[in-house]
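What would the 3D arrangement of this be:
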Amino acid sequence: MSSSFHYLIMAEHSMLQKKLLASLKGTGLTIGQPKVLDYLKDHDGASQKDIAYGCHIEPGTLTTLLNRMEETGLVERRMLEGNRRSCYVFMTEQGKSKLEFVTNAFDKLEEEAFRGISAEDREHFMELFQRIYKNTKE
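Have a look, this model is predicted:
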């Protein structure tokens with residue numbers, strides 16, 4: 001196994017994705033949907049543009065994802081204040097119930113990832129990783 005930063009990031013992301021989907025098996029959620037529900041947890045009523053940006057999803061991909069989520073009753077799109085050009089996305093009650101599964105799955109994965117790592121080291125890692133994220137984002 002390579003110890004380069006890019007390899008470890010890609011490998012970890014892939015492993016987390018697989019474990020997440022395995023832990024959500026039977027919920028009907030598909031790839032991409034947990035991320036959107038997690039985003040809507042703190043931004044319910046967000047615009048599609050904001051969701052795409054916040055989730056790092058291409059707008060076209062997000063549209064397809066939201067269409068499927070709307071069909072299965074997880075989210076609904078609404079116009080606010082009669083503005084026909086902007087739709088805002090809200091979780092439905094069904095979406096909120098699925099969010100509980102997502103939140104629990106993310107919490108378990110995070111605990112597993114940090115198993116055996118002190119709270120101090122975990123905090124330091126998260127500070128460094130935030131800086132790496134910010135540098136990459138710029």
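
any idea where the strands of the chain begin and end?
Counting by DSSP state E, the chain has strands at residues 46-47, 75-79, 87-91.

looking at the ones you listed, which is closest to residue 23?
In terms of Cβ to Cβ, the element of these nearest to residue 23 is strand 87-91, at 20.0 Å. In this view, the C-beta of every residue, glycine as well, is placed from N, C-alpha and C.

what's that closest one packed up against?
Counting contacts by 3 or more Cβ pairs under 8 Å, 6 or more residues apart in numbering; DSSP states H and E, strand 87-91 is packed against helix 33-43, strand 46-47, helix 48-55, strand 75-79.

So what's the residue count around residue 4?
Per other Cβ atoms under 10 Å, the neighbour tally for residue 4 reads 9.

What distance do you get for it to residue 128?
Distance from residue 4 to residue 128, counting by Cβ to Cβ, to the nearest Å: 17 Å.

Please apply the same query to residue 101.
Relative to residue 128, and taking Cβ to Cβ, residue 101 is found at 30 Å.

Show me which of those two is the more surrounded one.
Higher neighbour count among residue 101 and residue 128: residue 101, with 17 against 10, using other Cβ under 10 Å.

So the nearest residue to the more buried one once chain neighbours are set aside versus residue 39, what's the distance?
Of all residues not flanking residue 101 in the chain, residue 27 sits nearest, at 5.1 Å (Cβ to Cβ, 6 or more residues apart in numbering). Distance, residue 27 to residue 39, by Cβ to Cβ: 17 Å.

So for those two, which residue has more residues nearby?
Between residue 27 and residue 39, counted using other Cβ under 10 Å, residue 39 has the larger neighbour count: 19 against 16.

ok, now how distant is that one from residue 122?
Taken as Cβ to Cβ, the span from residue 39 to residue 122 is 23 Å.

Same question for residue 69.
The gap separating residue 69 from residue 122 is 32 Å, by Cβ to Cβ.

Please give me every residue in contact with the most centrally placed residue in the chain.
The C-alpha lying nearest the average C-alpha coordinate of the chain belongs to residue 35 (Cα atoms, centre = their mean; 1.9 Å). For residue 35, the contact set (Cβ atoms under 8 Å, 6 or more residues apart in numbering) comprises 55, 57.
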